[in-house]
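Asker: the sequence and its predicted three-dimensional model are supplied below.
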Amino acid sequence: MGSSSQQLDQIISKEYEHGFYTELEADAIPHGLSEDVVRLISKKKNEPDFMLQWRLKAYRHWLTMSEPKWAQVHHAPIDYQDMVYYSAPKSQKDGPKSLEEVDPELLATYTKLGIPLKEQEMLAGVAVDAVFDSVSVATTFKGKLAEQGIIFCSFSEAVQEHPELVKKYLGSVVPYTDNFFATLNSAVFSDGSFCYIPKGVRCPMELSTYFRINAKNTGQFERTLIVAEEGAYVSYLEGCTAPMRDENQLHAAVVELVALDNARIKYSTVQNWYPGDKDGKGGIYNFVTKRGDCRGKHSHISWTQVETGSAITWKYPSVLLRGDYSVGEFYSVALTNNYQQADTGTKMIHLGRNTKSTIISKGISAGHGQNAYRGLVKVQKGAENARNYTQCDSLLMGDRCGAHTFPYIEAKNPTAKIEHEATTSRIGEDQLFYCKQRGISAEDAVSMIVNGFCKEVFKELPMEFAVEAQKLLGVSLEGSVG
Amino acid sequence: MLSIKNLHASIEGKEILRGLSLEVKAGEVHAIMGPNGSGKSTLAQVLAGRESYEITGGEVNYRGHNLLEMAPEERAREGVFLAFQYPVEIPGVNNVYLLKAALNAIRKHKGQVELDAMEFLTLIKEKIKVVKMNEDLLYRAVNQGFSGGEKKRNEILQMAVLEPALAILDETDSGLDIDALQIVAGGVNSLRSKERAIIVVTHYQRLLDYIVPDFVHVLSKGRIVKSGGPELALELEQKGYGWVETETRKPAEALAK
Ligand SMILES: Nc1ncnc2c1ncn2[C@@H]1O[C@H](COP(=O)(O)OP(=O)(O)OP(=O)(O)O)[C@@H](O)[C@H]1O
Ligand SMILES: [Mg+2]
């Protein structure tokens, strides 16, 4: 790290060789990160001064930090000066011109998932000019929500239209100082979603980042902020159930959730990023900071995630249980195949009295996949009668993969009740042969076994999402056993 | 129904079946006995299509098909059923769900309509009576935490539901108490018909009191070394396998002289 941070310092202190403003006119920024780049991003987005100041604070703080190192994740060093931090709209010039130029294996996967042709083009990054139906759908959808005072828009739009809300809540859950990747995100984030549910309103539909299409080009530094006022309810779906063609190797998103008294937020993710090829080449590094703040009494936040993508995943959706009687939940399925590595888990921080948390984590490893679960349950002094139930199950497919569990418990209040259960099961040739001997195909057998293993998590997902998740796991595991 | 000719099979380079031949006709029940390690389970697994065995010679014809060319699930759909000596545990998969998927896969193959959940439950409630199995076991994960006897009963339940044409029971009687033994035998006997053939692998004459075989074969070192009627089982019980092995060696020794 030492040498690359030296390198960073050098580059940061270096003047741009190319004329800065020329570049600006060309609507693209040279590689690399500097204070000027941060200023430029903010300027390009026409942001109010508080945003710029916040980004700058984050950037300066980032310079003092170093990349974290983890025991279970290995990756080639990331060159932060070799990235472009702003490009809008994302250049389509380097993308394929038509589906014929796209990797046929990728297309085969789309077909298996039943994705319509137009969407396939979007996902594969083919330059398409046609205006999509979804744009008009989006507008009607938004109008309907606005009638109830619900705000659901892009983050940039929120900065323009609702700066007071952004100012109040941005960074209130994940401060810009939080961790290396979150800090980097704070300095340079491009866009994301913003969602605000006013007092007493139950959002009448599942909010989503506009399905697959709009999930495209949200960029590598995405920022999401969801606020549920007193007694409000919202179910938010993030994701993309097809592997996205993406040139960005590093993704460092931040998601902040705020639930006030009696509010409830359900956040579901089904994600399948390009995991790299069978040898583990290519693929996306996914370092995400997701945190929910149960700020009010009886507030409730649940994270549900099904992850099958990326070469390296590092994420710990967490809940701060601040309000008395607040509830935090984490339901997760993480699959690693070929050479993927996943290091995921959750943190449940009990601060209020009678707070309750549940963690159900299902890790599936196949091929040479390595899956690590890391969970922290922390009960602070004042958290009388805090309860946690953790269940951590690993399913190994074949004998070259691995699963690791690291539960950490810190209880500073003697009334805390913390339960932990863990199981590991291996699915091998024996189980498959047994199913086949009963007339069931290997493919159906695998999906039966996997769905059985994951059902506690799948039942937390909205119906259509659950179906997609099942398909996705099926496709991701194809040919991995037997 | 089943015709095995000079079958050779090996695993990890080690030859286990060494020229095994056996003819089984519809309506017959064959018992296969033989010392530990003689290749009984190997035969059963090879017939079911276990991929880890390598077939190095011989042929197997099943109802006019070359059985050795069929995938395991194809064999199952065509009516080959193996009750495993060691039924496999499948965590997370409901026992009844597996059975429904199995039955429907077979029905689909036969061009019959698949059963819906209600129809299937009606059927299974009927069948479970035959094996007197605790209904709770239907809703647990396949074989997980089942007692040895429960696993064996579950195999027989599956057989009763799937109604195979050729059932191979690999030591289904091992680890059963007397009552369970009778129940399992009852299950097998209820399946006995002109159209079906059954092969029972067993170490104990006791089972053959309940399932009276048409033929008894002794397997030794990967070959059938003696065949006979039900009385052969009794003789074996008295004299042990050593008797057959020396018996069979005699002609060879005689020839050598
Ligand atoms: N994977 C393997 N690798 C090497 N040898 C094997 C393997 N599987 C089976 N064998 C050997 O094959 C031989 C036959 O085994 P098999 O299970 O068919 O015997 P069996 O007649 O069913 O015995 P039992 O009465 O104990 O059930 C044994 O010597 C066994 O050790
Ligand atoms: Mg055996």
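Answerer: Okay, I see it. Ligands and ions are numbered 1, 2, ... in the order given.

Asker: which residues of the stretch 201-350 of chain A fall in helices?
Answerer: Taking DSSP state H, counting those that start in this stretch as the criterion, the stretch 201-350 of chain A contains helices spanning A:211-215.

Asker: look up how far chain A lies from the residue positioned nearest the centre of chain B.
Answerer: Nearest to the mean C-alpha position of chain B, by C-alpha atoms, centre = their mean, lies residue B:168 at 1.8 Å. As judged by C-beta to the nearest C-beta, to the nearest Å, residue B:168 and chain A stand 10 Å apart. For glycine as for every other residue, the C-beta is placed from the backbone atoms N, C-alpha and C.

Asker: tell me which strands whatever helix or strand that residue lives in pairs with, and in which orientation.
Answerer: Taking DSSP states H and E as the criterion, residue B:168 maps to strand B:166-170. Strand B:166-170 has its sheet partners listed here by DSSP bridges as strand B:80-83 (parallel), strand B:197-201 (parallel).

Asker: reformat those strands as JSON lines; add distance to ligand 2, mean pLDDT and mean neighbour count.
Answerer: Formatted as JSON lines, the strands paired with strand B:166-170 follow (distance: least, C-beta to the ion, whole Å; pLDDT from 0 to 100; neighbours: other C-beta atoms under 10 Å in any protein chain shown):
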{"stretch": "strand B:80-83", "distance to ligand 2": "12", "mean pLDDT": "96", "mean neighbour count": "26"}
{"stretch": "strand B:197-201", "distance to ligand 2": "7", "mean pLDDT": "95", "mean neighbour count": "25"}
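
Asker: and the pLDDT for the residue nearest the centre of chain A?
Answerer: Of all residues in chain A, the one closest to the mean position by C-alpha atoms, centre = their mean is residue A:288, 5.6 Å from it. Residue A:288 carries a pLDDT value of 86.

Asker: I'd say it and residue A:318 touch.
Answerer: No. Using C-beta atoms under 8 Å as the test, residue A:288 is too far from residue A:318 to be in contact (11.2 Å).

Asker: need the contact list for the residue nearest to the centre of chain B.
Answerer: B:44, B:47-48, B:80-83, B:198-199, B:201 (C-beta atoms under 8 Å, 6 or more residues apart in numbering or on different chains).

Asker: SS state for the closest residue to ligand 2 within the stretch 301-450 of chain A?
Answerer: For the stretch 301-450 of chain A and ligand 2, the shortest gap (C-beta to the ion) falls at residue A:430, measuring 14.7 Å. Here residue A:430 is recorded as helix under DSSP: H, G, I helix; E, B strand; the rest coil.

Asker: that one: what's it in contact with?
Answerer: residue B:88.

Asker: what of residue A:364?
Answerer: Residue A:364 sits in contact with A:333-336, A:371, A:394-395, A:397, A:450, A:453-454, A:473, A:477, where contact means C-beta under 8 Å, 6+ apart.

Asker: also near chain B: which of these, exactly?
Answerer: A:395, A:453-454 (C-beta under 8 Å from any C-beta of the partner chain).

Asker: of these, which is the nearest to residue A:164?
Answerer: Closest approach to residue A:164 among the ones next to chain B among the contacts of residue A:364 (C-beta to C-beta): residue A:454, at 41.7 Å.

Asker: tell me how many other residues crowd that closest one.
Answerer: Other residues within reach of residue A:454, judged by other C-beta atoms under 10 Å in any protein chain shown, total 26.

Asker: which of the helices or strands spans it?
Answerer: Counting by DSSP H and E, residue A:454 is found in helix A:442-458.

Asker: one step back: just give the nearest non-adjacent residue to the residue nearest to the centre of chain A, would you?
Answerer: residue A:315 (4.1 Å; C-beta to C-beta, 6 or more residues apart in numbering or on different chains).

Asker: what does residue A:60 give?
Answerer: residue A:35 (7.8 Å).

Asker: how many residues are close by that neighbour?
Answerer: Around residue A:35 there are 14 residues (other C-beta under 10 Å).

Asker: kindly report the same for residue B:218.
Answerer: 26.

Asker: going by residue numbers, what spans are helices in the stretch 1-150 of chain B?
Answerer: Under DSSP H, counting those that start in this stretch, the stretch 1-150 of chain B gives helices at B:40-48, B:72-77, B:95-109, B:117-131, B:148-162.

Asker: contact partners of the third one?
Answerer: Which is helix B:95-109. For helix B:95-109, using C-beta under 8 Å, 6+ apart, the contacting residues are A:435, A:438-441, A:444, A:448, A:452, B:73, B:76-78, B:90, B:113-115, B:117, B:120-121, B:123-124, B:137-143, B:154, B:157-158, B:161-162.

Asker: restrict the residues you listed to those near ligand 2?
Answerer: By C-beta under 5 Å from the ion, no member of the contacts of helix B:95-109 lies near ligand 2.

Asker: can you say which of the residues you listed are buried?
Answerer: A:435, A:438-441, A:444, A:448, A:452, B:73, B:76-78, B:90, B:115, B:120, B:123-124, B:137-138, B:140-143, B:154, B:157-158, B:161-162 (16 or more other C-beta atoms under 10 Å in any protein chain shown).

Asker: count of neighbours near the closest residue to residue B:133 other than its chain neighbours?
Answerer: Nearest non-adjacent residue to residue B:133, counting by C-beta to C-beta, 6+ apart: residue B:153, 4.8 Å away. Using other C-beta under 10 Å, residue B:153 is surrounded by 26 other residues.

Asker: related to what we said a few turns ago, which parts of the helix holding residue A:454 are buried?
Answerer: Quick answer for helix A:442-458 (16+ other C-beta under 10 Å): A:442, A:444-455, A:457-458.

Asker: now do it: distance to the chain's middle.
Answerer: How far helix A:442-458 lies from its chain's middle: 23 Å, per C-alpha atoms, centre = their mean, to the nearest Å.

Asker: residue of the stretch 351-482 of chain A closest to ligand 1, please.
Answerer: Residue nearest to ligand 1 within the stretch 351-482 of chain A: residue A:429 (10.9 Å; C-beta to the nearest ligand atom).
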